[in-house]
Each structure stands twice: as C-alpha cells, then as structure tokens.
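*Asks:* Coordinates for the following, if possible.
(one chain, ligands or ions: 1)
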Amino acid sequence: MNSVRQVPDAVPVLIAGGGPVGLATAVELAHHGVRCLVVEPRETVSWLRPRAKTTSARSMELLRRWGLAETLRSRAPLAVSWSDEAVFVTGLLGREITRIGGCFGLDLVGSDLAAEPGQQVPQPLVEEVLREAVGDALLTGWQVAGLQEDADGVTVRITSGDEEREVRAQYVVGCDGPRSVTRAAIGAKYEGRQDARPNFNVVFRAPGLAERMPHGPAVHYWVLNPAQPGMLGRLDLKDTWWCIAQGVRAEDADPVQLVRNLAGADIDVEILATDPWTARMLLADRYATDRVFLAGDAAHQNPPYGGHGFNTGIGDAVNIGWKLAAVLHGWAPASLLATYESERRPVAADTIEEAARNMATLAPELADPALMGDDAEFEKVRPAVAEAVLRTKDSEFHSLDLVLGYTYAGSSIVSSGAGERLPHRWLAPGESLYDRLGPAFSLVGDQRSPGAAVVVAEAAELGVPLRVVDLPGEPLALVRPDQHVAWRGGDPSGAVRMALGHPR
Ligand SMILES: Cc1cc2nc3c(=O)[nH]c(=O)nc-3n(C[C@H](O)[C@H](O)[C@H](O)COP(=O)(O)OP(=O)(O)OC[C@H]3O[C@@H](n4cnc5c(N)ncnc54)[C@H](O)[C@@H]3O)c2cc1C
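*Replies:* Presented below is the predicted three-dimensional model:
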C-alpha cells in the first residue's frame, strides 16, 4: 500500500531510509528548522524484529535535547528503575553463577556523569517515537532506487511498486542500512570482516515464566550451559521475551526446543518470530561525496555486544544534521561538511573494535560442563567461572568511556585541547546544564570575561545563533549544537569561524 502523502518535486535534504538513524537525522534537521523528506519502504515498524534493546545514556541525552527522552521512557515496557543487572545462570530456571550491576548506564539516574541514564527499550518503540516526531516528513511505501549528483544538487529516483518519481535535493543522507543503495551509488565500499558463527534470535511468549524464574529482574540472563549457551531478556512485563543463541544455524534450529533448553525446563512457549543474523565488523571506506553522506549501518556495522549499533548512528545523525543545517542556513561554508567523515569515521572504527572485543567471550566460551553437575561440582567450579565472567564481560556492560567519552579532539573545527562532550552537571533539581544550551551554538561560562564580547560579536557578524549561558566565575567554552566543546579559554578571536570551518 502506498502512502497517501504527495511526493514533493524538491526538498533541501532527502534521507534514504527511515530506520532509527534516518529518523534521528530528520529530527535533528527539524530541531534546526530544516525541511527534509525521509523515504522508507516499511509502512509500519517491525515489532517482531526488536534487534536493539539498549538506548545508551548519550542517545538519551540527545533525545532529551529533542524533548523526546521522557516520551520514550514513559512508553518503555521496562522502567529504568526495574533493573540494571545482568545475571549469569545455568538456565533461566537454574542456578545463579554471578551478576553484574550498573549495566549500560542504567544506574545513572540523577548522576553527575550524564543528564540521562540509559534505557532498555525495544528498537521498534524507538522508531515509533521518532516516526511520530518526524510527522509529515516521513514518506512510507517508497524506496530510493538510485541517485545522480551534480554541482548544484542530487536527483534522487524513488519507486513504489510500478510508480517512479524524481526528487531534487540539495543534500542526501543515506541511512538505508547494511545493503545501502546510497553507499553503492557513491562508490563507497564496506571494508572489514564477519564473524564465522551464525546467530539465531527468537521472540517468544511464555506465560508464567517470569513468575517461575528465581533470579529476579535483570536486563540480560546469560545461560552458561555448554549444551545450549545463549542469552535472554524480557521485552515487556507481560510474557514476551527475546533470546539469542550463538552458533545455531537457521536450518538446524528448533526454536521451541531452543527456548526450553535455555530455560532448563519444558515450559509452554509460543514462538512469535525468528531472526537469523551474522555479526559484522564493517566500515565504509569513505562516508561522503560533496552532497551525499552515509550514516548508521549504511556506514558501519558492529557486533551487537555492548549495545552500540544504532547508538553510534544517532551520533552520526546529530553530527551531519547540525552541519547540514549550518550550511543551508548560510552560517557555514560547504567545506564544513567534510568534517562529518573525519569526526565520525574514527568513532565508528573504535566502536567496531570494542564490540568485536566484547564478542570474543560469549556464553559458549564461558560455559563449563561442571556447572551442570551436582551441587558440589557446581560450587567447586562456580568461583572460577564467576571470575572469568567479571574479568571478560565488564567492558560490555560498563562502556561509558566510549559512550560518553568519545571526542572530536584533533578535528580541524575544534581548538587544541577541546573536542570533548561538554560535561553535564545539575544546575537545579532536574535541570541539567544541557537544558540551558541553545539549539545552535552556546557560549558557556563567565560572560564578564574579556573574551565573551569577542565571541558574541563574531557570531553576530556571521549570523550564527548563539545562546549565552552565564556561569559566573567559570572559564568560557564555545559549545557546538551537538554539545561538544569547540573552543575553550585562550584567544577568542576567530573561534566561531574556526568552529564552522570558515577559512581564517
Ligand atoms: C541482535 C541485535 C541486537 C542489537 N542490539 C543493539 C543494541 O542493543 N543497541 C544498539 O544501538 N544497536 C543494536 N543493534 C544494531 C541495530 O539494530 C542497528 O545498528 C540499527 O538498526 C541501525 O539503524 P539504521 O537506521 O542505520 O539502519 P536500519 O535499522 O537497517 O534501517 C535502514 C532503513 O532503511 C530502509 N531501506 C533499505 N533500503 C532502502 C532504500 N533503497 N531506500 C529507502 N529506504 C531503504 C529499511 O527499510 C530500514 O528501515 C543490534 C542488532 C542486532 C542484529
């Protein structure tokens, strides 16, 4: 069924793909008052293919910036207070080996480290909230079939069944996932490797399982039974669960038996969906031409361990979104757009390597036959397995260095010593420093400092919106729209020009 929406002839930005990253790019553009069109074949989100469940603390901060964090949290089936633990067991109904707390930044409620804790929430719900925010800019039932770039813009061919149209855009962002048509159209290639082991996801309903389970609330249950290792979790507080089994080929899989093996008992199971997948460590050899940019899985893919995939894509969306807005509004020269690749590609490379390290030790590697023996055998081996879990899995569940700590240090548009995310802090109960920042640039610090007037005057001269946030006694920092520090202290002359990529 085609969407009833009219296809426009021209639009400033066309986004190929309305997965989480395409939708986030559209929300970021709207945040800066830039019109776009998101072209997406799926009429509705894929509820039975939940994939990502972890929205990181950093993505939640960015959702807060769009005014969507509370909406997402209030609709998430597992409240952030419900659990921040991962439990390692011999079976869902079996014995506990050990547990890890403070997973995925879920414990950062009210913390000085982040304005928002992480949130466990199935990917389709994230997409639904973003679809609502994007509104009319989303064109479903259509897909991008090809594109042609010239000096003034891009002509994009879109199709829906037998229908075909052309849309003229000044810029295109390709968020069309792993098999990206956009990536092929600009001649970019994925480079990297894939894991040899197949994986098999199951979404199932198991009435009463949660009540029978002795381990209490947890966001992950890892089953270290060598006969059937894997991981499970709840999708909601009713009876819906997900599980992933490593090393299971789709053609050999018996989903009911698989779930029963992970549970460790012949429980009642209704299979709702299955989804085989392979972990990939891939990075596009380049991210962009002059007018076409790749974001999200179209540009990079990493194993899901650590929950980084779409979260890295949300970072891409914000980075390319504000830069396109700056160029389209005339605050910045088009050369600013080249810094999208130079800033984001290294973050993706680091994320791929961290996720690959997380994948090196999974349930099959941690499983031990002695865990399945009698109580004495279990107790004998338990401390060594628990120690191995804590030693090898800590970085998968505690990765704030990457999630909050990535920087753009060394980028041509940040001054020496800058580039990091502006540290969040609470100014009043429930009010983060971030809530005071403007949608574009902000000058944070003591506005009586001699440099303040220089920065304010330079922004005015270039027509760059600048919000002034007076923090008496504190050094000045010029903060970019993505909350990263472009310049701090030192000589203020030319700071705004530098941050927007103007020749100095
Ligand atoms: C088992 C598993 C668990 C995961 N867990 C996590 C997690 O906890 N946290 C996390 O951050 N990530 C996780 N991920 C990764 C996450 O699912 C992906 O990184 C994420 O979906 C990427 O979003 P995207 O929008 O870039 O691409 P996609 O979600 O692939 O979206 C691409 C969109 O483009 C559309 N499209 C395709 N072709 C075209 C075309 N020609 N024209 C227009 N549109 C097109 C598609 O319909 C789709 O909607 C997990 C992945 C797996 C497999």
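*Asks:* Find the residue closest to the spatially most central residue of the chain in space, skipping its chain neighbours.
*Replies:* The residue lying closest to the centre of the chain (Cα atoms, centre = their mean) is Asn311, at 1.1 Å. In space, and not counting its chain neighbours, Asn311 is closest to Ser56: 4.3 Å by Cβ to Cβ, 6 or more residues apart in numbering. Every residue, glycine included, has its C-beta placed from N, CA and C.
*Asks:* Could you measure from Leu138 over to Thr25?
*Replies:* For Leu138, the distance to Thr25 equals 12 Å [Cβ to Cβ, to the nearest Å].
*Asks:* The two: who's more crowded?
*Replies:* More neighbours surround Thr25 than the other of Leu138 and Thr25, with 32 against 22 (other Cβ atoms under 10 Å).
*Asks:* How about the contacts made by the more buried one?
*Replies:* Neighbouring residues of Thr25 by Cβ atoms under 8 Å, 6 or more residues apart in numbering: 15, 36, 38, 173, 175, 295, 316-317, 320-321.
*Asks:* Now do the phi/psi pair for the residue of the stretch 51-200 of the chain found nearest the ligand.
*Replies:* Across the stretch 51-200 of the chain, the shortest distance to the ligand (Cβ to the nearest ligand atom) belongs to Gly177, at 2.7 Å. With angles defined as degrees, to the nearest 10, Gly177 sits at phi 70, psi -170.
*Asks:* I'd guessed it sits against Gly296; true?
*Replies:* Yes. Contact criterion Cβ atoms under 8 Å: Gly177 and Gly296 qualify, at 7.1 Å.
*Asks:* Compare these two (neighbour count), which wins?
*Replies:* Just comparing Gly177 and Gly296: by other Cβ under 10 Å the higher neighbour count belongs to Gly296, 30 against 19.
*Asks:* residue contacts, the more buried one?
*Replies:* Here Gly296 is in contact with 17, 19-22, 175, 177, 310, 312-313, 316-317 (Cβ under 8 Å, 6+ apart).
*Asks:* that older thread, tell me the predicted confidence for the residue of the stretch 51-200 of the chain closest to the ligand.
*Replies:* Here the pLDDT value assigned to Gly177 is 98.
*Asks:* Tell me who's in contact with it.
*Replies:* Gly177 makes contact with 17, 19, 296-298 under the criterion Cβ under 8 Å, 6+ apart.
*Asks:* On the pLDDT front, check Arg504 for me.
*Replies:* We have a pLDDT of 73 for Arg504.
*Asks:* Ala495 is in contact with that one, correct?
*Replies:* No. Using Cβ under 8 Å, Arg504 is not in contact with Ala495, being 10.0 Å away.
*Asks:* Tell me the secondary structure at His424.
*Replies:* coil (DSSP: H, G, I helix; E, B strand; the rest coil).
*Asks:* ok, back up a step: quick one, which of Arg504 and Ala495 is more surrounded?
*Replies:* Neighbour count, other Cβ under 10 Å: between Arg504 and Ala495, Ala495 has more, with 25 against 7.
*Asks:* wait, what's in contact with Thr54?
*Replies:* Per Cβ under 8 Å, 6+ apart, neighbours of Thr54: 104, 118, 120, 307, 311.
*Asks:* Tell me the pLDDT of the last one.
*Replies:* Asn311 is assigned 98 on the pLDDT scale.
*Asks:* Three-state assignment for it, please.
*Replies:* Put simply, Asn311 is helix when judged by three-state DSSP.
*Asks:* so it makes contact with Thr55?
*Replies:* Yes. Applying Cβ under 8 Å as the test, Asn311 and Thr55 come out as touching, 6.8 Å apart.
*Asks:* so where's this structure uncertain?
*Replies:* For the chain, the stretches with pLDDT under 70 are 1-4.
*Asks:* Outline the domain layout of this structure.
*Replies:* Domain ranges of the chain: 10-76+116-192+281-358, 426-499, per automatic domain parsing.
*Asks:* what about the strands in the stretch 201-350 of the chain?
*Replies:* Applying DSSP state E, counting those that start in this stretch to the stretch 201-350 of the chain gives strands spanning 220-223, 230-234, 240-246, 270-284, 292-294, 300-301.
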